[in-house]
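[1] sequence and computational prediction follow.
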Amino acid sequence: MLGGSAGFPVPLVPSRRPTVHDRPPRGRHQEAPTVPHPVPATPRVVVLAGGLSHERDVSIRSGRRVAEALRSSGVEVSVHDVDADLVPALAETRPDLVWPLLHGAGGEDGSVRDVLELLGVRSLGTGPRASRVAWSKPIAKTTVTRAGIATPEFVTLPQSLFRELGAGRVMDAVVARLGLPLVVKPSRGGSALGVTLVRTAEELPGAMVACFAYGDTALIERAVEGVEVAVGVVELDGSPVALPAVEVVTDGPYDYDARYNPGRTEYFAPARLSDELAARAAETAVAAHQVLGLRHLSRTDLIIDAEGQPWFLEVNVAPGMTETSLFPQGAEAGGHHLPTLYRRLVEAGLAAS
Amino acid sequence: MTALERPDGTASGPHPTPAAGTRLDRWLGSYAERTHGMRASEIRALFAVANRPEVVSLAGGMPYLEGLPLDVLGDLAQRVVATRGTTALQYGSGQGDETLREQILDVMRLEGIEAHPDDVVVTTGSQQALDLVTRLFVDPGDVVVAEAPSYVGALGVFRAYQADVVHVPLDAEGLVPEALEATLADLARQGRRVKLLYTVPNFHNPAGVTLSAERRPRILEIAARYGVLVLEDNPYGLLGFDREPLPAMRSMSDEGVIYLGSFSKTFAPGYRVGWAVAPHAVREKLVLASESAILSPSNASQLAISAYLATCDWRGQVKAFRELYRERRDAMIGALAEHLPDASWTVPDGGFYTWVRLPDGLDAKAMLPRAVTARVAYVPGTAFYFDGQGADHMRLSFCFPTPERIREGVRRLAGVVSAESELVSLFGTGGQAVRGDVQSPGPDLA
């Protein structure tokens, strides 16, 4: 655990000297951006990590990984928490780019990006309005449906509704309509916190209580059986490209422990899918990225059922970047060298108008 | 990184199909059996937020070090290195610095313990002493009898050595002798090997209660009759608010007790200096075990503490801490009475903690995310049991936050309890989905 009341007191200091990875090679499809900005030889980047969400710990680990990788590719990086020191620090140091690696509220709901916009600081990734849409699972699900993407049938129910209509009646109606098994999750949030797979109606009340401990609104969706995959999307030269899907196999639920304690989860990168299914998964992730207006990078979580139908579960505008996270695994499976990839993302962020 | 990486950053051609998946841990098949229960707990992740200044943490057992004369301690540390650096920065005795061991006798005399410097083994915090004692005595499957509830860090050590912990109830006067007798008799009937009775007699962590003077010899007699060694863990003994310390159990039995002491709560945990006092033969083995684990405890830390004890008014410092913590205890108990009338709690007369029973139906672990959202943190009761009990309890610490922050924290907690109560009555059940538990204390939960 972190010590010190200052939270994440990493000063804004110059990083190591640039290394041999300083100048990343240009990919075949790399073209000059339409509105060119001069990209400094040694970009100065602030990685935002921490924050006050339930996923603070994961965010700090993601931030450290990305910062380390960027340093080794010749980027000058400092890591900063979201706290009272942030605004003065940004005003003083004027970094070329901020990379928000915040998970959970504030970081993924667009509000921190709003503040960065107010300050005139450029940031990597999805803008505030699209972040707000993606962060709300029900709104994201509804939005992707418009692009013809399948998503498990669901209802979004605030706690107050259960009180007004009677919890038993509402739960009965949910089970009657959606059937079993169900997945109950907070309408916002990540890392599977507050998520329960409900196999019997008797398990539903406990799942609701666990979910509402994390937030006021629950998303209840029909559980789809199938292959669980995550597909990263990157925009290095203006158009979104899917990384290979990463398949997740767990003994038991893919819960917090399974995500962050190596050993309980088996990952297949790339996923064990036929070329056709892999292409469908990639298309779905790219389509979700586009219809939601996401930028630079995202990760879409899908389940591919026995008929080969990909079902959209959710999308992450700030995908986890820890040692066990799915986005970096997909990137490596796609042949990317992570420090180089992260530097190219920084350059894409700097080049964006 | 994998063999697939391309340092030039370009994507490879068609995706190769992996022969097998990866569990991201090539040593997965190599771990010792005792690691199999280790889990990455959501609870620990939630505590990451508790370190932020916006959060009132009633979770940690961190002493309030701003109460120390830090400038004086800085000068002392400087002088130790400048004048005795070739000793302070060198390896030392496996048993610990002899001068410090003599000074430790002065500390223990306050609780009636008469011992010889040779009886003392200095350790890296009393946590290491716990580990060494368990290593010496506990084989997998052996029973350790402990209070219900018990210090989370001790349970972590017992778990690591694959002990089976059997809990014995506490009441307002500490461990209940009749319950201990019944438990030991029952275990004897089952043919179980009971190796240790682990107890925190003073200002119990987490329960806040103190074993009464009247019960102390009775507990020792029962343990002796069943051939069980008593492990007396006493980090808080000098931090009583209203009276002088009770005689330590070690003061009543030289041969039946291993006593653990610590400077972490009465002085500063950062030095990591604790000690064990053990019967002669046990002490010899403790030294050997400690040498094999760490060669020697830190000389720099020992010499700094020794200089502090020799040149500062440490008794006055302990008294100042007692007054400080009493004021905070009063703030905590007052705020609980005002804001959480439907809960019940122990009123400690020393130490750092009160043990709170939540209103019916509430699960402290399931409620923790809501508390963190409301910017207050505590330790769920299940952390202090080996067997999943304690869901309806939580430990609140009053050692670190100021009285104002304690009142604010309890006020926030009351809002959390009220919202959770409403939720539970709405659905007629407690939440069950917060997985994992605190399996080791974490550096600031001890």
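    Nice, I can see it. Every value quoted in this text rests on a predicted model; they were computed, and no experiment measured them.

[2] residues near the residue of the stretch 51-200 of chain B found nearest chain A, how many?
    Minimum separation of the stretch 51-200 of chain B from chain A (Cβ to the nearest Cβ) falls at residue B:53, amounting to 4.7 Å. Every residue, glycine included, has its C-beta placed from N, CA and C. For residue B:53, the number of neighbouring residues by other Cβ atoms under 10 Å in any protein chain shown comes to 14.

[3] ok, the one 5 residues further on next?
    If you count neighbours by other Cβ under 10 Å, residue B:58 ends up with 29.

[4] doesn't residue B:378 make contact with it?
    Yes - under the criterion of Cβ atoms under 8 Å, residue B:58 makes contact with residue B:378 at 4.9 Å.

[5] name the residues contacting each of those two.
    Counting by Cβ atoms under 8 Å, 6 or more residues apart in numbering or on different chains, the residues touching both residue B:58 and residue B:378 are B:396, B:413.

[6] now the helices: where do they sit in the chain?
    Reading this off chain A. Shown for chain A, the helices assigned by DSSP state H span residues A:56-72, A:86-93, A:111-118, A:128-135, A:137-146, A:159-165, A:167-178, A:204-212, A:256-260, A:275-291, A:326-333, A:338-351.

[7] you looked at the wrong chain, it should be chain B
    In order along the chain, chain B carries the following helices (DSSP H): B:42-50, B:70-88, B:98-109, B:125-137, B:152-160, B:177-189, B:215-225, B:280-294, B:299-311, B:314-339, B:364-373, B:403-427.

[8] let me know which of those is tucked in deepest.
    Between the helices of chain B, the one whose residues have the most neighbours on average, counting mean count of other Cβ atoms under 10 Å in any protein chain shown, is helix B:364-373 (a mean of 26).

[9] helix A:204-212 and that one, what's the angle between them?
    For helix B:364-373 and helix A:204-212, the angle between their directions (axes from the mean of the first three to the mean of the last three Cα atoms, to 10 degrees) works out to 30 degrees.

[10] mind checking how far the residue in the stretch 151-300 of chain B that chain A sits nearest to is from residue B:397?
    With Cβ to the nearest Cβ as the measure, the residue in the stretch 151-300 of chain B that lies nearest chain A is residue B:270; the distance is 10.1 Å. Plainly put, residue B:270 is 18 Å away from residue B:397 if you go by Cβ to Cβ, to the nearest Å.

[11] do you know the pLDDT at residue 127?
    All of this refers to chain A. On the pLDDT scale, residue A:127 is placed at 91.

[12] chain B, not that one
    According to the prediction, residue B:127 has pLDDT 97.

[13] how about the nearest residue to it, chain neighbours excluded?
    Spatially, and ignoring its direct neighbours in sequence, residue B:127 is nearest to residue B:153 (5.8 Å; Cβ to Cβ, 6 or more residues apart in numbering or on different chains).

[14] same thing with residue B:392?
    residue B:358 (5.2 Å).

[15] can you mark which positions in the lowest-mean-pLDDT helix or strand in chain A are buried?
    Among the helices and strands of chain A, helix A:256-260 carries the lowest confidence by mean pLDDT, DSSP states H and E, at a mean of 73. Within helix A:256-260, the residues that qualify as buried by neighbour count (16 or more other Cβ atoms under 10 Å in any protein chain shown) are A:256-260.

[16] same check on stretch A:216-232?
    Under the neighbour-count rule (16+ other Cβ under 10 Å), stretch A:216-232 has A:217-224, A:226-232 buried.
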